[in-house]
Every structure is written in C-alpha cells, then in structure tokens.
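S.K.: Would you be able to build a 3D model of this:
(4 chains)
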Number of protein chains: 2
Amino acid sequence: MEIRRADHIAKTLEEQIFNGTFANGERLDEVRLAERFGVSRTPLREAFQKLALSGLVEQIPRRGVFVRQPGPVELIEMFEVMAELEAVCGRLAAVRISDAALAELREANARCLATVAAHDADAYYWENERFHQIIYRESGNSFLEQETLSLHNRLKPFRRAQLRLRGRMDQSMTEHEEIMDALSAGDAERAAASLRSHVAVQGEKFHHLLASLKPSVA
Amino acid sequence: MEIRRADHIAKTLEEQIFNGTFANGERLDEVRLAERFGVSRTPLREAFQKLALSGLVEQIPRRGVFVRQPGPVELIEMFEVMAELEAVCGRLAAVRISDAALAELREANARCLATVAAHDADAYYWENERFHQIIYRESGNSFLEQETLSLHNRLKPFRRAQLRLRGRMDQSMTEHEEIMDALSAGDAERAAASLRSHVAVQGEKFHHLLASLKPSVA
DNA sequence: GTCAAGTATGTTGTATACAAGGTGTGACGT
DNA sequence: ACGTCACACCTTGTATACAACATACTTGAC
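M.R.: Okay, here's the model as predicted:
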C-alpha cells in the first residue's frame, strides 16, 4: 500500500507534533524513532526534511532536528498573513467567480447555518472549511489557491481552538453573509475587506485565548 | 568547508536549473548526477527533496525526479500573487515603517536612480531588490517577509528577463517615487495600490515578452 | 579545588549494499 | 503481422555499515 514509507512517516509525525505528542524544544532521536516506526534512518531523515521545509521542525547541522512549535508572535503573524491571503482570494473571486460556484457557495453556507443551529462545532468546522476553500478556488489562481490552502492547513489546530469561544459561530455566520453579499455583487474591495476582518478576528480571538491561558507570555 | 554536501548540491542544482542547463521535462538521473558531483546518491536524494518542496522539480514515486519549469499560466499566476503580497507588505509598512527605515528606503531609491542614469541594468537589479526587501522587512511581519522573499527569489530569473525591455527601468523609477510618497505619508491603501501595480506591470511585461517569443503558447 | 585538555562515546552525515517495482524488449501465439 | 505475456535489466526506495564531528566526562596540572 505505502509505496513510500517516508511520506507516511512524515504525515504521522506531523499529526503527532500537532497533537502535542512531542514537547516544544524536544530533539527527535533518529534511531529511537526509526525503531519505533520499524524503519531505518533513511526514510526518517527524508521525512524530517519535509517537516523542516514545512517549518514544523528545525534542522541544525550535526546537532539534530528539534520540534519547533510556533511561538505566540509567529502565530499572530501567520494569522495576519492568512487574513490578507483570504482577502486577496476574495478580491479576485469577486470578479471571477462563476454562477455555479456562487450557488455552491450559497449551499455550503446553508450547511454552515444548519450546523450552527445544531450546535455541532465539529461539523461547523468542516462546512466552514469547505466554504472558504470554494473561495480560494474561485480566485481563479491555482498557485494562490495552493499557497492559501497550505497556510490554512498549517493554522488548522489553532483555528480550531478559538472556535470553542462563546458566540463565535453565530458571529462567524453573519460575517459569512456579508462575504456572500460582496461576492454576489462582484464588489472586489468589499469582498476583500469582509474576508480580511473575518479571518483577522479569528487571529484576535486566538490572541485572547492565548493571553487568558498564559498571561505571562503576552 | 561544506559540512553538509546535500545543501551545496541543492543550491548548485537550483542554479543550473535556473540557468537552463537542464531541459524542461528532463529526468535527473541519480547515479549520473551523483558521480558528476562526486558524492553518493544519499545527499543527492536529500537535495532533490528540497528542490521538490520548492517546486523546481517534480518527484514521481518509482519513476524519478523531473525538472519542472513553470509554464506560462503558472508564471502569470505567480506574478499575480507576488503583486498582491507586495501590496500587503506595503499596506502594513505604511503604518509600521520607522523613520530610520524610511531614510534607508530613500537612500536605496537614490542608488536605483544612479544605476538607471548609468544604464547599468545589473546594478539596478540589485539596488531594486534591496529597495523591495526593505519594504518586506518594514511590514513588521517576519513571516510575511519570509514568504514574500521566498516567492521573490523564485521569480528572480523571470523578473530579470523583463528588465531588459525598453524604458522599463525609467518607468520603474517613477513607480518607486509613488511608492515612497505613499509610505512617507503613511497612506496604507495608496502604498498597497502602487506596489501592486508596480509588480503587476512586471508580470504583464513578462507576459508580453513571453508572447513575443512563443506566439503559439499564449 | 578548579580549569583545561584529551579521550571516549554517541549522534549525525555519507557511502554502499540490497530489495522491490517499473519499463522495455523479445518471443510466442493468434 | 500484430498483440500480448513473460523475462531481464534498470531505476528508485530502504537498510546497514562507516566516517566525521560534537559533546561530555575524566584525568591531570596549576
């Protein structure tokens, strides 16, 4: 099944890092992990390189690889960039989106509403993701779509955390309506602005969450 | 000297791919390149992975790695994203830039002017790069700075090509002036717009260049 | 007693040997 | 003559062996 074990290892390690299996500055021992996965060091090192390029671990020559959870400031920076990328997607999509995609978007938004009514946070998470991914796609720029999706995935675990805050889902839905309106009207600037603030508010919520957890770090 | 030969190989291969040493769909033979670099396949494969993650080559399991020059549409997409990223940097920099950095920017622009007066395209290229990198830095968002720089580097060879077009350097300088004005005034939207069009015009020029070379592709 | 230097041990980086899969060619059958 | 199946060779993916470097501990000298 797994033609390339290195890829599978990379994915597994990525999940485990996300799930907090490893502490922040922890060194990933090649031989220990190799025997844990039942493979040799070779595919493991390949997996390490992928993770290093993704920014999840840091490779220091002749020293080893260390898991590198992004700090508070870096996370805020990433959320800021995410907001801007989505804004760009929105601006482009406003003038490029097809009628079919608009209908698709409306449908996705309706499903979001349903999950909010059902207070199903997990389901909302997935439907919301679909809503945004349609916008990425309708930017009409595959490269932009890929880059935005990549950052989106990288922020996944942190985005998920802030969703549990009180009333966030309802607020999010009204923002979705505004976004839909702007896109339907083909108003590029309004679409960009509404998407930017929609995502930026996620970053701020996350910031608050973070500050409430560790008041010393802020 | 070179602690990590794999890194050196990756850089060398990257240059050679840029310089057109390899044809577009060409397969990179591991053993042949290994003996050509005087190393074993191991560091070469590590180099391949880096290049694959950078998008310069494509790795097909059990088939090998193939050099993957971006096609016309992908290049246009990348230029579009580049324009938007620079616009974002500009918008943020307009409200975050320090007086010292503004002076630095003015100086860099002055050096650009000097190289234009001297008709030194190569020197202009470097000074122009410095001008833009200051703006990336002054966005006050290191993550954004890195991402923007990364795409900038990836577009380097193509940006260089369009610079040789008639009158491009003079036009570019007047655009720089507009950008400087907006940043000095702290006008975020004007900075964003001027930077966007400044870079977008590069993409268009490149598009023209491309169309004039291969009329069949467009 | 403390600091420094040397050695030993452990870990990373590289080379080579081995295994598994894919492709191409040739032969045989229709 | 053309198509299909089988075998051989070539290439990639993985394991293991080896070398270089870094770190830590011990020993000796001041």
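
S.K.: which residue ranges form the helices in chain A?
M.R.: For chain A, the helices defined by DSSP state H cover A:5-18, A:30-37, A:41-54, A:72-96, A:99-117, A:121-138, A:142-163, A:168-185, A:188-213.

S.K.: Most tightly packed of the ones you listed?
M.R.: Most buried of the helices of chain A by mean neighbour count (mean count of other CB atoms under 10 Å in any protein chain shown) is helix A:72-96; its value is a mean of 22. Glycine gets a C-beta too; all of them are placed from N, C-alpha and C.

S.K.: Next, the angle helix A:99-117 makes with that helix.
M.R.: With axes from the mean of the first three to the mean of the last three CA atoms, to 10 degrees defining the directions, helix A:72-96 sits at 140 degrees from helix A:99-117.

S.K.: Which residue ranges make up the domains of chain A?
M.R.: A:5-67, A:72-213 (automatic domain parsing).

S.K.: would JSON lines of the helices of chain A with mean pLDDT and distance to chain B be doable?
M.R.: Formatted as JSON lines, these follow (pLDDT from 0 to 100; distance: least, CB to the nearest CB, whole Å):
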{"stretch": "helix A:5-18", "mean pLDDT": "86", "distance to chain B": "8"}
{"stretch": "helix A:30-37", "mean pLDDT": "94", "distance to chain B": "14"}
{"stretch": "helix A:41-54", "mean pLDDT": "92", "distance to chain B": "4"}
{"stretch": "helix A:72-96", "mean pLDDT": "96", "distance to chain B": "4"}
{"stretch": "helix A:99-117", "mean pLDDT": "95", "distance to chain B": "18"}
{"stretch": "helix A:121-138", "mean pLDDT": "94", "distance to chain B": "12"}
{"stretch": "helix A:142-163", "mean pLDDT": "90", "distance to chain B": "4"}
{"stretch": "helix A:168-185", "mean pLDDT": "93", "distance to chain B": "17"}
{"stretch": "helix A:188-213", "mean pLDDT": "88", "distance to chain B": "10"}
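
S.K.: and the gap between A:E74 and A:A83?
M.R.: Distance, A:E74 to A:A83, by CB to CB, to the nearest Å: 15 Å.

S.K.: that older thread, so for B:L51, which of the domains of chain A sits nearest?
M.R.: domain A:5-67 (10.5 Å; CB to CB).

S.K.: Tell me the residues of chain A that contact DNA strand C?
M.R.: Taking CB under 7 Å from any atom of the strand as the measure of proximity, chain A contacts DNA strand C at A:3, A:27, A:29-31, A:41-42, A:45, A:59, A:61-65.

S.K.: if you set the cut-off to 10 Å instead, what comes out?
M.R.: Neighbours of DNA strand C within chain A, by CB under 10 Å from any atom of the strand: A:1-3, A:27-34, A:40-42, A:44-45, A:48-49, A:59-66.

S.K.: Next to DNA strand D, which bits of chain A? Give me the list.
M.R.: Residues of chain A found near DNA strand D, taking CB under 10 Å from any atom of the strand as the criterion, are A:2-9, A:30-31, A:34-35, A:37-47, A:60-64.

S.K.: residue contacts, A:G55?
M.R.: A:R68, A:P70, A:R154 (CB atoms under 8 Å, 6 or more residues apart in numbering or on different chains).

S.K.: Next: A:E189.
M.R.: A:R91.

S.K.: I'd like the distance between it and B:L44.
M.R.: Taking CB to CB, one finds A:E189 at 49 Å from B:L44.

S.K.: Same check on A:C112?
M.R.: 48 Å.

S.K.: Which single residue of chain A approaches DNA strand C most closely?
M.R.: For chain A, the residue closest to DNA strand C is A:G64, as judged by CB to the nearest atom of the strand, at 3.3 Å.

S.K.: follow-up on the earlier one: would you turn the helices of chain A into JSON lines with distance to B:E178?
M.R.: As requested, the helices of chain A are exported to JSON lines (distance: least, CB to CB, whole Å):
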{"stretch": "helix A:5-18", "distance to B:E178": "44"}
{"stretch": "helix A:30-37", "distance to B:E178": "53"}
{"stretch": "helix A:41-54", "distance to B:E178": "37"}
{"stretch": "helix A:72-96", "distance to B:E178": "21"}
{"stretch": "helix A:99-117", "distance to B:E178": "35"}
{"stretch": "helix A:121-138", "distance to B:E178": "31"}
{"stretch": "helix A:142-163", "distance to B:E178": "25"}
{"stretch": "helix A:168-185", "distance to B:E178": "28"}
{"stretch": "helix A:188-213", "distance to B:E178": "20"}
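
S.K.: Ok, which of those comes nearest B:R168?
M.R.: Minimum separation from B:R168 across the helices of chain A (CB to CB) falls at helix A:142-163, 23.8 Å.

S.K.: angle of the closest one against helix A:121-138?
M.R.: Inter-element angle recorded for helix A:142-163 and helix A:121-138: 160 degrees (by the same axes, to 10 degrees).

S.K.: Give me the angle between helix A:142-163 and helix A:5-18.
M.R.: Using the same axes, to 10 degrees: helix A:142-163 against helix A:5-18 is 40 degrees.
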